[in-house]
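J.: This is the structure alone, sequence omitted:
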């Protein structure tokens, strides 16, 4: 959540940044009007309080005590009414602020959508084939690794069952990713896949993305869409010690998304599923540490792809493509020969103090004052998409899949 005081004091500058992030101008106009109204009503309140303070002191020496006492009593009632007015405006401001995204970092390029994202670099060279490479779903069905028909039968569309060596490869990837991340200094944590609405609010999924979440009927529980949600909120409502920061964690989880806005996209295969698996990186840092930890997390995910021999590229997301809670994001896109293009496999984001403010995660700084931490998250990696990438990049002309050397010990 944005700092309302900062937003009020720097409204024009922040509004310009939020417009670049596609925040509706009518919402910004409503915010502006509320701030002006708040300023006016606060001034009225201060005037009433000043009267009360001044004449309360003079009551004992006043010539007409009864009249002044009556005026003070009436003024006290006005103060009560005025306080309620100010509180109502503040409540309205806070409610709107819950749906306002984070301000883009100054380094983020201004742009409309994914077409304006900026390629930072390419890592490794895509493989060349002397045959036409197949897409993963063709390979998976032929090898009896992927069962889409039974996935739909027992659930619905956008569900798939992994079988045989496909299921083994999926498991190997999870174990390898966790081991890789732990060697890079990220501590393993295992969390619930069901969380309450307060936790969902803390990382920004609620109220904005309520329609994308699976909710348990008649209970305050939601299936997580990423383990970033419970892992970040592990420290909600806490004041951390400065010497314990940064805290760096890795976590495996299943993830659940309705994919409400993706009708017609990636309808074949396992690129976009309602249930998928991910190994996540989450860091909690002091503000001055967050940029260096961001690079550390990005390098960890990129090096993981390189260790699997998968060509990929780094993309800095523009303002129009930036996520709700993120101040800046770099996507990693892996090369898929079957599609003949790069596809997203990881997003590494610095949310700065946006989530910390919502989840109330603070630390005691060197001056002994409580200050909001910075939170960061990144996929390392989306397991299903990594499975897809290995299938397509390691296929041969007979439709067999060769297992990368680093994964063989996990079989």
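T.: That came in fine, so what should we check first? Since we're looking at a predicted model, the values are computed, not measured.
J.: and residue 147, what are its bridge partners?
T.: residue 161 (DSSP bridges).
J.: Okay, now the unreliable bits of this protein?
T.: 260-263 (pLDDT under 70).
J.: Residue nearest the middle of it, spatially speaking?
T.: residue 325 (5.0 Å; CA atoms, centre = their mean).
J.: looking at it, it is touching residue 204, isn't it?
T.: Yes - Residue 325 sits in contact with residue 204 when judged by CB atoms under 8 Å, with a separation of 3.8 Å. Yep, even glycine has a C-beta here, placed from its N, CA and C like the rest.
J.: As a check, name the ranges of all strands in the stretch 201-350 of the chain.
T.: In the stretch 201-350 of the chain, the strands defined using DSSP state E, counting those that start in this stretch lie at 222-223, 238-241, 247-256, 275-285, 312-316, 328-336, 341-350.
J.: how about those, which one is nearest residue 266?
T.: Of all the strands of the stretch 201-350 of the chain, strand 341-350 sits nearest to residue 266, with 9.0 Å by CB to CB.
J.: Contacts for the helix or strand that comes right after that closest one next, please.
T.: With elements assigned by DSSP states H and E, the helix or strand that comes after strand 341-350 is helix 354-359. The contact list for helix 354-359 (CB atoms under 8 Å, 6 or more residues apart in numbering) reads 1-3, 102, 201-204, 232-233, 235-237, 284, 325, 327, 361-362, 372-375.
J.: are any of those residues buried, and which?
T.: 1-3, 102, 201-204, 232-233, 235-236, 284, 325, 327, 361-362, 372-375 (16 or more other CB atoms under 10 Å).
J.: before we move on, the earlier item: report the set of residues contacting both of residue 325 and residue 204.
T.: In contact with both residue 325 and residue 204: 102, 351, 354-355, using CB under 8 Å, 6+ apart.
J.: Give me the buried subset of those residues.
T.: Using 16+ other CB under 10 Å as the burial test, the shared contacts of residue 325 and residue 204 include 102, 351, 354-355 as buried.
J.: ok, those residues vs residue 57, which is closest?
T.: residue 354 (44.9 Å).
J.: Mind listing residues that contact stretch 203-218?
T.: By CB under 8 Å, 6+ apart, stretch 203-218 touches 98-99, 101-102, 194, 197, 200-201, 221-223, 225, 228-229, 232-233, 256-261, 324-325, 351, 354-355, 358-359, 375.
J.: Flag every buried residue along it.
T.: In stretch 203-218, counting by 16+ other CB under 10 Å, buried: 203-206, 213.
J.: Can I get those residues in a markdown table including distance to residue 67?
T.: Shown next, in a markdown table, are the buried residues of stretch 203-218 (distance: CB to CB, whole Å):
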| residue | distance to residue 67 |
| --- | --- |
| 203 | 58 |
| 204 | 55 |
| 205 | 58 |
| 206 | 54 |
| 213 | 61 |
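J.: Spatially nearest residue to residue 277 (excluding sequence neighbours)?
T.: The shortest distance from residue 277 to any non-neighbouring residue, by CB to CB, 6 or more residues apart in numbering, is to residue 383 (4.1 Å).
J.: List the ones among the contacts of stretch 203-218 that fall in helices.
T.: Among the contacts of stretch 203-218, the residues falling in helices (DSSP state H) are 197, 200-201, 228-229, 232-233, 354-355, 358-359.
J.: From these, pick the one nearest residue 409.
T.: residue 228 (29.1 Å).
J.: residues in contact with the residue nearest to residue 277?
T.: 170, 173-174, 177, 276-279.
J.: Then residue 35?
T.: Residue 35 sits next to 7-8, 11, 93 when contact means CB under 8 Å, 6+ apart.
J.: Tell me the one of those nearest residue 270?
T.: Nearest to residue 270 among those, counting by CB to CB, is residue 7 at 41.4 Å.
J.: Now the element after the helix or strand containing that closest one, going C-ward?
T.: Applying DSSP H and E as the criterion places residue 7 in helix 4-9. Using DSSP H and E, the helix or strand that directly follows helix 4-9 along the chain is helix 11-20.
J.: about what we covered before: of the ones in helices among the contacts of stretch 203-218, which pair is most distant in space?
T.: 197 and 354 (18.2 Å).
J.: Buried ones in stretch 291-301, by neighbour count?
T.: Those would be 291, 293-294, 296-298, 300-301, for stretch 291-301 by 16+ other CB under 10 Å.
J.: Now do stretch 5-12: distance to the chain's middle.
T.: Its chain's average C-alpha position is 23 Å from that of stretch 5-12, according to CA atoms, centre = their mean, to the nearest Å.
J.: Show me what counts as buried in that stretch.
T.: Residues of stretch 5-12 classed as buried: 7-8 (neighbour count, 16+ other CB under 10 Å).
J.: start the count at 739, not 1, going forward
T.: Understood, numbering begins at 739; the last thing we discussed is stretch 743-750.
J.: What lies in contact with it?
T.: Contacts for stretch 743-750 (CB under 8 Å, 6+ apart): 752, 769-770, 773, 776, 835.
J.: hmm, back to that, the buried ones among the shared contacts of residue 1063 and residue 942 into a markdown table, with extra columns for distance to residue 846?
T.: Output for these, formatted as a markdown table (distance: CB to CB, whole Å):
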| residue | distance to residue 846 |
| --- | --- |
| 840 | 11 |
| 1089 | 13 |
| 1092 | 14 |
| 1093 | 17 |
